[in-house]
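In: structure for this input, please:
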Amino acid sequence: MEAGGVADSLLSGACVLFTLAMYSTGLSDLRQMRMTRSVDSVQFLPFLTTDINNLSWMSYGALKGDGTLIFVNATGAVLQTLYILVYLHYCPRKAKIIQTRSTQRLSFPLTIATLLTSASWTLYGFRLGDPYIMVPNLPGILTSFIRLWLFWKYSKEQDRNYPLLQT
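Out: Predicted coordinates:
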């Protein structure tokens, strides 16, 4: 196997690994919802947007014939749909909006997983010369850095302890 082929295989594997790890961060939210029988500390929007994203990318993977895109996004669509169904099961009839200066409602593991996933897919798209893979992942990198900044800025005001971000 030539050097480019090995690098492409490694990058494809990293994309699959990071993406599946990102999808699995929802399992802690699922466990939280089941234990507390509520959705108070869980955000709905990431589940919905990721599910829509997965379905779109799975379609693109099918059109392109890219097994990597099809596999990870089919897996993601199944998991995100599961998370949505559990969320809707435990969701109260009235939605509450709480405005705080706290990152308590943000998921640090999801932020790190999104950064790694978006960066690896951007590199994968770059290696393939495919802007349709590369460009849509750039916002994931940007929003991850914004979330990391929020964790740094408001880290002392939240219940969870992230010692690497505290100064």
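In: now residue 58. Nearest residue, chain neighbours left out?
Out: Using Cβ to Cβ, 6 or more residues apart in numbering and skipping the chain neighbours, the partner closest in space to residue 58 is residue 73 (3.8 Å). Bear in mind the C-beta positions are built from the backbone N, C-alpha and C, glycine included.
In: what are the buried residues along the helix or strand where residue 125 lies?
Out: In this assignment (DSSP states H and E), residue 125 forms part of helix 108-128. By neighbour count on 16 or more other Cβ atoms under 10 Å, the buried set for helix 108-128 is 108, 110-125, 128.
In: how is the protein carved up into domains?
Out: Following the assignment in the TED database, the chain carries domains at 1-92, 98-166.
In: CSV for these, including mean pLDDT?
Out: As requested, the domains of the chain are exported to CSV (pLDDT from 0 to 100):
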stretch, mean pLDDT
domain 1-92, 88
domain 98-166, 79
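In: off-centre distance for stretch 109-126?
Out: How far stretch 109-126 lies from its chain's middle: 9 Å, per Cα atoms, centre = their mean, to the nearest Å.
In: now tell me what touches that stretch from outside.
Out: Residues outside stretch 109-126 that contact it (Cβ atoms under 8 Å, 6 or more residues apart in numbering): 11-12, 14-15, 18-19, 21-22, 25-26, 28, 46, 68, 131-135, 137-141, 143-145, 147-148, 151.
In: quick check on the residues you listed: which are buried?
Out: Using 16+ other Cβ under 10 Å as the threshold, 11-12, 14-15, 18-19, 22, 25-26, 46, 68, 133-134, 137, 140-141, 144, 147-148, 151 are the buried ones among the contacts of stretch 109-126.
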